[in-house]
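Visitor: Kindly return the folded structure for what I paste below:
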Amino acid sequence: MVQRRNLMGMAVVAGLAGCGFRLRGQVSLPFRQLLLTGVQGGVTQALRQTLSLNDVTVWEAGATNAALPQWRLEVSEDRTSRQVVGTVVSGRVREIELGVHFAYALYRVDAGPNDEPAVRDQIELVRDMTYEESAALAKATEEATLLRDMQTRAAQSVLRRLAAWGGR
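Guide: Here you go, the predicted model:
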């Protein structure tokens, strides 16, 4: 019985490996240092953390080191939104829509104000959430958790997009 289970497990692993499936690991980025400027928010913080986990040194605006990085990621928008999308007849809130919007552009550090960015993109994530006044504290915790998860997903998406660009 144990041998059969082991064989089944090996067959599943071989099948997943054969189809190209692999767990997400570190992203191969075309730079090891990055100057991060612009708006600071939840996605920017998650991006800074994700970059450092991928062995990228993040410099803040105003850094005076002689060995500044070659690339500058300028964040033009980093905001979250919360909108009521459903109510009951009595006017109580029933459903909320949470959103994360992140816009950025990647420039060479020596780029002038009229130069085009190497990469310009924006990410918008939206998620619906039910709401009950009787469980307001639990729903507030759920909302904070969902927003944090959305910000982390947006940061990971930025990394994957920069890796796909590859420095071209």
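
Visitor: And Asp55, how far from Arg153?
Guide: 21 Å (C-beta to C-beta, to the nearest Å). Placement of C-beta: from N, CA and C, glycine included.

Visitor: Let me know the average pLDDT across the helix or strand where Thr37 lies.
Guide: Assessed by DSSP states H and E, Thr37 sits inside strand 33-38. Summarised as a single mean, pLDDT over strand 33-38 is 92.

Visitor: now the strands: where do they sit in this protein?
Guide: Using DSSP state E, the strands of the chain run over 33-38, 57-60, 71-87, 93-108, 119-130.

Visitor: What helices and strands are in contact with the longest helix anywhere in the chain?
Guide: Counting by DSSP state H, the longest helix found in the chain is helix 136-165. Here helix 136-165 touches helix 42-53, strand 71-87, strand 93-108, strand 119-130, going by 3 or more C-beta pairs under 8 Å, 6 or more residues apart in numbering; DSSP states H and E.

Visitor: Compare these and give me the one nearest Arg161.
Guide: Nearest of the helices and strands packed on helix 136-165 to Arg161, taken as C-beta to C-beta: strand 119-130 at 6.0 Å.

Visitor: Could you export the helices and strands packed on helix 136-165 as JSON lines, including distance to Leu34, mean neighbour count and mean pLDDT?
Guide: Formatted as JSON lines, the helices and strands packed on helix 136-165 follow (distance: least, C-beta to C-beta, whole Å; neighbours: other C-beta atoms under 10 Å; pLDDT from 0 to 100):
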{"stretch": "helix 42-53", "distance to Leu34": "6", "mean neighbour count": "19", "mean pLDDT": "94"}
{"stretch": "strand 71-87", "distance to Leu34": "5", "mean neighbour count": "16", "mean pLDDT": "93"}
{"stretch": "strand 93-108", "distance to Leu34": "9", "mean neighbour count": "18", "mean pLDDT": "94"}
{"stretch": "strand 119-130", "distance to Leu34": "12", "mean neighbour count": "14", "mean pLDDT": "95"}
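
Visitor: How about the contacts made by the nearest residue to Gln40 once chain neighbours are set aside?
Guide: Leaving aside its chain neighbours, Gln40 sits nearest to Asp78 (6.9 Å; criterion: C-beta to C-beta, 6 or more residues apart in numbering). Going by C-beta atoms under 8 Å, 6 or more residues apart in numbering, Asp78 touches 38-44, 101-103.
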